[in-house]
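1. next comes the sequence, and after it the predicted model I'd like to discuss.
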Amino acid sequence: MALGMPNCSLHDMHEALVSITKETHALWEENKDLQGSFINDLGELQRIQVTICQLENNSRGEQAQHLFQTSSSVAEMQRRASEIYDMVIQKRAEVIKKMNEGTNIISVLQNTLINERLYNWKNQQKLAQVGVPFDNRDTMLDEIQLEFEFLAEQNFQLHTYTCWMLDLLRRGPNFHDNNAQTTASNLQTLLDQLSKLIFVLVSQSFVASVQPEPVLKTQHKFMTEVRLLIGDKLGVRQHLANTSVNVKIISEEEAKMLSANQLNQKDIKSVGTISSDFEKLIIDERGHRFAAKFNNSKLTRIAHRKPPPKAGGATDIKITALLSAATDQKYALLFNITPFQIGLMGKFDVWTLSLPLMVTVHGSQDCDAQGSILWHRAFASVTRAPGSTDIAAVPWSDLSTILKHKFSIFTGAKRPLMDHELAYLSEKLIVPNMTDQKPITFYRFAKQNLREDANFSFWEWFFSIMQLIKQKLLKFWDEGWLVGFISKNDASQAMLMCEQNSFLMRFSDTLTGAISIGFVYEDENGQNRCRIEDKHFQSRCLHILAAFHLAPFTIKDLEQLSLAQRIATCQQLKNIR
């Protein structure tokens, strides 16, 4: 079975790598012993050859026999030394082969770890910020850390054996066959590969284990945490006393350039001021997690950034809004460890970035910021790969799933949005009963007016409802006391269909963040009658009943008098039980 191929499991590759590392150590021992024997034999040969030269120069009759015997011994020793040297060449080739196999396996495992397992974890972490469940976050990251530690240890051992082999070659004899030089060149290539792999491994092991809130507010504290997933396998612990993690806020544009290696992190300037901007990298009680926790940091200032350039015409402005509205004025937190040293391998430039952030300086900016960052968290790539762009449009099925999760995490509601409520929301964005539905753009979702007679977008309307529920109506929502997401006409029909007098609470379509109370009353003059389709109730409703909806109540209204108090004091609702 060829290692690293699709039919080879990760478990098999793990076992193979451990075995190769042990075999490499054993081969180094054999090389050392054989080279030692070869050098000893060469030394003995040189000594005897000196003796022969002396005997030849002072040849006498009684020494002729001794000279003959000595020459025979030299021939035998030369033959033996030649055999040992052939074995040395063979063992050198074997150790190169084993090291190549080990390096290739490390490369495959590392690629799987970083580009699949860690990528998936980061993507789930990103989605968790819009409410997608991620209950096993810490457990999953601990398992990923074990893999980082395993690869760090195996790489370090192969790296060490490669250095030992190079040192062995430097101390050994060089012959005209250039075997030592060729072997040294191959070893140096392997050493370079292992060094690059360990550099990538260490760099990628530094992650934001707890992301800050996606929307930061100036003069407000934020919490975040970074972890170093290689643990202490490379001797990090001994350097921790002088090691700290610094954080600064940078523009998302520069974060992308940094990720694409177009900028050095030391050359990036902060675009704001963060208090408590450094923390120590601390080991937990179990000696397992290396983490720096920022619990008291505050964004005290954010620099003014120029808005994107305006396009020439109205059409261009709309296109620009469509393409750039979801990315304008985004930021990122840049964390770096200073200084960072790994044993004798030298200093490393280790940094990581948070997910893109929005920053607000006033509460009125919160809605727009939350809309932009929601779209990013839900649909953008978790990486800042060169050439990647934000998703401009998505199908309703994807958007509705995210809205359902966002609703629960934002409001703290125990009762999630139901299918019929999502269907009502869909009518705000898509044309009903059309088989070929166009994807919903970010512009349509968060920027375009919901209707011609409305001066707010779908997101503004939905976000204000979430705020209303969170602040004033959470118990009403969880207990199912308010219908909420229903049109005015459907609400009227539903109330008139009831045999008993009833009232209903729904979210306003014409005013953001407002709830309206609808009820049925006796309409003596018939001016406010509501025609319904059901014949069973038709005569009763047409002649004596009508639906009426009170003017909507906003958060400010409910701060003056709660919804329960308003219901209790409403004259028209007194006879409804």
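-> Nice, I can see it. Everything numeric in this text was worked out from a predicted model, so none of it was measured.
2. just checking: what are the partner strands of the longest strand belonging to the chain?
-> Counting by DSSP state E, the longest strand found in the chain is strand 290-302. Strands flanking strand 290-302 in the sheet, each with its direction: strand 221-228 (antiparallel), strand 272-275 (antiparallel), strand 282-283 (antiparallel) (DSSP bridges).
3. test my guess that residue 180 contacts residue 172.
-> Yes: with contact defined as C-beta atoms under 8 Å, residue 180 and residue 172 form a contacting pair (6.1 Å). (Each C-beta comes from the backbone N, C-alpha and C, glycine too.)
4. and the helix or strand where residue 166 lies, what does it pack onto?
-> With elements delineated by DSSP states H and E, residue 166 resides in helix 137-170, which encompasses its position. In this structure, helix 137-170 packs against helix 10-57, helix 61-112, helix 119-128, helix 179-204, with contacts taken as 3 or more C-beta pairs under 8 Å, 6 or more residues apart in numbering; DSSP states H and E.
5. out of the ones you listed, nearest to residue 559?
-> With C-beta to C-beta, the closest approach to residue 559 among the helices and strands packed on helix 137-170 belongs to helix 119-128: 32.0 Å.
6. got the contact list for the closest one?
-> Helix 119-128 is contacted by residues 132, 134, 137, 140-141, 144, 207, 211, 355, 377-378, 382-383, 405 when judged by C-beta atoms under 8 Å, 6 or more residues apart in numbering.
7. ok, 7 Å please
-> 134, 137, 140, 141, 144, 211, 355, 377, 382 (C-beta atoms under 7 Å, 6 or more residues apart in numbering).
8. buried stuff in that helix?
-> 121, 122, 124, 125, 126, 127, 128 (16 or more other C-beta atoms under 10 Å).
9. let me know the pLDDT of the last one.
-> In the predicted model, residue 128 carries a pLDDT score of 97.
10. do you know how far it is from residue 137?
-> Using C-beta to C-beta, to the nearest Å, one obtains 7 Å as the distance from residue 128 to residue 137.
11. between helix 137-170 and the longest strand of the chain, find me the angle.
-> If you take axes from the mean of the first three to the mean of the last three C-alpha atoms, to 10 degrees, strand 290-302 sits at 110 degrees to helix 137-170.
12. for strand 290-302, buried residues please.
-> Those buried within strand 290-302 under the rule 16+ other C-beta under 10 Å are 290, 291, 292, 293, 294, 297, 298, 299, 302.
13. contact partners of that strand?
-> Judged by C-beta under 7 Å, 6+ apart, the contacts made with strand 290-302 from elsewhere in the structure are 209, 216, 218-228, 231, 236, 245, 247, 249, 271-277, 279-284, 359, 361.
14. filter these to the buried ones?
-> Of the members of these, the ones counted as buried by neighbours, 16+ other C-beta under 10 Å, are 209, 216, 222, 224-228, 231, 236, 245, 247, 249, 271-272, 274, 277, 279, 281, 283, 359.
15. dump the residue contacts of residue 410.
-> If a contact means C-beta under 7 Å, 6+ apart, then residue 410 has 466, 470 as its contacts.
16. would it count as being in a helix?
-> Yes: the assignment for residue 410 by DSSP: H, G, I helix; E, B strand; the rest coil puts it in a helix.
17. and residue 402, how many residues sit next to it?
-> One way to gauge burial is a neighbour count; for residue 402, by other C-beta atoms under 10 Å, it gives 19.
18. just give the nearest non-adjacent residue to it, would you?
-> Distances taken as C-beta to C-beta, 6 or more residues apart in numbering place residue 378 nearest to residue 402, at 4.2 Å, with adjacent residues excluded.
19. dihedrals phi and psi, residue 447?
-> phi -120, psi -40 (degrees, to the nearest 10).
20. my read: it touches residue 459, true?
-> No: in this structure, residue 447 is not within contact of residue 459 by C-beta atoms under 7 Å, at 8.3 Å.
21. neighbour count for those two, which is higher?
-> Between residue 447 and residue 459, counting by other C-beta under 10 Å, residue 459 is the more crowded of the two (23 against 20).
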